[in-house]
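Visitor: Return atomic coordinates for the entry below.
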Amino acid sequence: MTLYTAPALIFISVCFLLVGVYRFVFQDRLLVVERLAQLQKGEQAGSRLREDLQLPLWQRIGRPLLEKLARPFSRRMSGQKLLYLQKRLQAAGNPAGLEPGSFRLLQVILTVMLTVFAVTCGLSRGVLLKDLLLLIITGFACGMLLPDFFLTMRIKERRREVVRALPDVLDLLTVSVEAGLGFDLALVKVTERFPGVLAQELGRVLQEMKLGRSRRDALQDMADRVGAEDLTSFVTSLVQADQLGVGIGNILRAQSVEIRRRRRQRAEEQAMKAPVKMLFPLIFFIFPALFVVLLGPAFIQIFKNM
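Guide: Below you'll find the model as predicted:
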């Protein structure tokens with residue numbers, strides 16, 4: 001045991017001696033390096049703090065608090081319900097960056113607020129118990145249904161915007177591809193030229209392709225996410241052309257013509273529905289006003305003569 005103790009002690013002593021000599025010789029340089037490291041960490045922390053302070057109050061405080069409170073709601077939802085709500089939020093463009101749990105939490109908060117408001121109004125007016133119960137049911141129903149209604153309207157508006165912008169986007173894609181650009185570069189031109197929902201979705205497709213996803217999967221995910229019929233048909237044609245090796249320029253031109261024909265047919269359909277939709281306002285609002293204006297003086301004269 002003593003045979004190995006002396007060499008070990010000598011080795012440890014030499015190591016400490018070398019460390020001491022190194023720190024004595026390079027003490028000033030080590031202090032400078034340590035100070036520079038501290039200053040760099042302070043600058044990074046300061047820059048992060050400045051960036052955080054430039055964010056809106058909602059993103060700095062509201063969103064982290066909302067995400068923390070929404071975790072129990074996310075855990076309690078089934079996988080199928082979670083996936084369904086996630087698809088609806090994606091189709092609506094993820095308003096305010098909401099997740100399914102956050103959306104459900106906001107729905108519960110709105111329900112509680114409207115129910116309490118209904119109870120407060122009912123008690124302040126001294127309504128009967130059955131009327132108070134009706135107010136509670138109305139507040140609860142409005143709190144549960146209004147967020148879904150807002151989400152549905154947002155989805156429909158985004159789909160209408162995509163359908164309106166799709167023919168012009170296809171024209172630019174066709175011209176770009178026929179001019180010699182690749183399809184990916186043509187998508188870049190579209191995202192630079194056309195602001196809006198469709199350009200945002202195509203930009204997301206380009207980002208996914210840069211991260212390694214295939215063009216087919218990225219386009220199909222975009223079609224599923226938006227849910228517009230014309231866009232789904234266009235993506236399906238592109239995927240089939242890619243599989244069969246057909247020229248993309250011909251497919252784009254044919255799809256542009258087809259989508260414009262569909263839009264014209266939808267406009268004609270809406271024009272044919274207009275007389276039926278105008279029937280009830282004519283009968284209940286416009287015709288009575290005309291009768292009062294036209295026949296009112298005649299009835300007045302008849303009553304005077306009688």
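Visitor: Any stretches of this protein with poor pLDDT?
Guide: With pLDDT under 70 as the threshold, the chain has low-confidence stretches at 1-67, 70, 73, 306.
Visitor: switch to 50 and redo it
Guide: Across the chain, the ranges flagged by pLDDT under 50 are 1.
Visitor: all helices of it, in order?
Guide: Secondary structure of the chain (DSSP state H): helices located at 2-25, 27-54, 57, 63-76, 79-91, 100-125, 129-178, 183-193, 197-210, 215-226, 229-244, 248-281, 287-305.
Visitor: Relative to the whole chain's centre, how far out is the longest one?
Guide: Relative to the chain's own centre, helix 129-178 is displaced by 11 Å; criterion: C-alpha atoms, centre = their mean, to the nearest Å.
Visitor: can you list the helices of the chain in a markdown table and add mean neighbour count?
Guide: Where you see a C-beta, it was placed from the backbone N, CA and C, and this is true even at glycine. Output for these, formatted as a markdown table (neighbours: other C-beta atoms under 10 Å):
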| stretch | mean neighbour count |
| --- | --- |
| helix 2-25 | 9 |
| helix 27-54 | 10 |
| helix 57 | 8 |
| helix 63-76 | 14 |
| helix 79-91 | 15 |
| helix 100-125 | 16 |
| helix 129-178 | 16 |
| helix 183-193 | 16 |
| helix 197-210 | 17 |
| helix 215-226 | 18 |
| helix 229-244 | 17 |
| helix 248-281 | 13 |
| helix 287-305 | 10 |
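Visitor: For the residue nearest to Val188 when sequence neighbours are not counted, list the residues it contacts.
Guide: With C-beta to C-beta, 6 or more residues apart in numbering as the criterion, Val188 has its nearest non-adjacent residue at 6.6 Å, and that residue is Leu206. Leu206 makes contacts with 184, 187-188, 191, as judged by C-beta atoms under 8 Å, 6 or more residues apart in numbering.
Visitor: What is the nearest of these to Arg164?
Guide: Thr191 (17.0 Å; C-beta to C-beta).
Visitor: I figured the closest one hits Arg204, correct?
Guide: No - with contact defined as C-beta atoms under 8 Å, Thr191 does not reach Arg204; the gap is 9.6 Å.
Visitor: ok, residues contacting stretch 207-214?
Guide: 184, 215, 217-218, 221.
Visitor: er, stretch 109-129 I mean
Guide: So stretch 109-129 is in contact with 131-132, 135-136, 138-140, 142-144, 146-147, going by C-beta under 8 Å, 6+ apart.
Visitor: again, only using 10 Å
Guide: Stretch 109-129 is contacted from outside by 66, 69, 131-147, using C-beta atoms under 10 Å, 6 or more residues apart in numbering.
Visitor: then that stretch to CSV, C-alphas only?
Guide: C-alpha atoms of stretch 109-129 as CSV (Å, rounded to 0.1, in the frame of the first residue of the first chain):
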residue,chain,number,x,y,z
ILE,A,109,-64.2,31.4,-19.3
LEU,A,110,-66.7,33.0,-21.7
THR,A,111,-69.4,30.6,-20.5
VAL,A,112,-68.8,31.5,-16.9
MET,A,113,-68.7,35.2,-17.6
LEU,A,114,-71.9,35.2,-19.6
THR,A,115,-73.7,33.0,-17.1
VAL,A,116,-72.7,35.3,-14.2
PHE,A,117,-73.7,38.3,-16.2
ALA,A,118,-77.1,36.8,-16.9
VAL,A,119,-77.6,35.9,-13.2
THR,A,120,-76.6,39.4,-12.1
CYS,A,121,-79.0,41.1,-14.6
GLY,A,122,-81.8,38.7,-13.6
LEU,A,123,-81.3,39.3,-9.8
SER,A,124,-81.0,43.1,-10.3
ARG,A,125,-84.3,43.2,-12.2
GLY,A,126,-86.0,40.9,-9.8
VAL,A,127,-87.2,38.3,-12.3
LEU,A,128,-88.9,35.2,-11.4
LEU,A,129,-87.1,31.9,-10.8
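Visitor: Leu85 and Leu98: what is the separation?
Guide: 10 Å (C-beta to C-beta, to the nearest Å).
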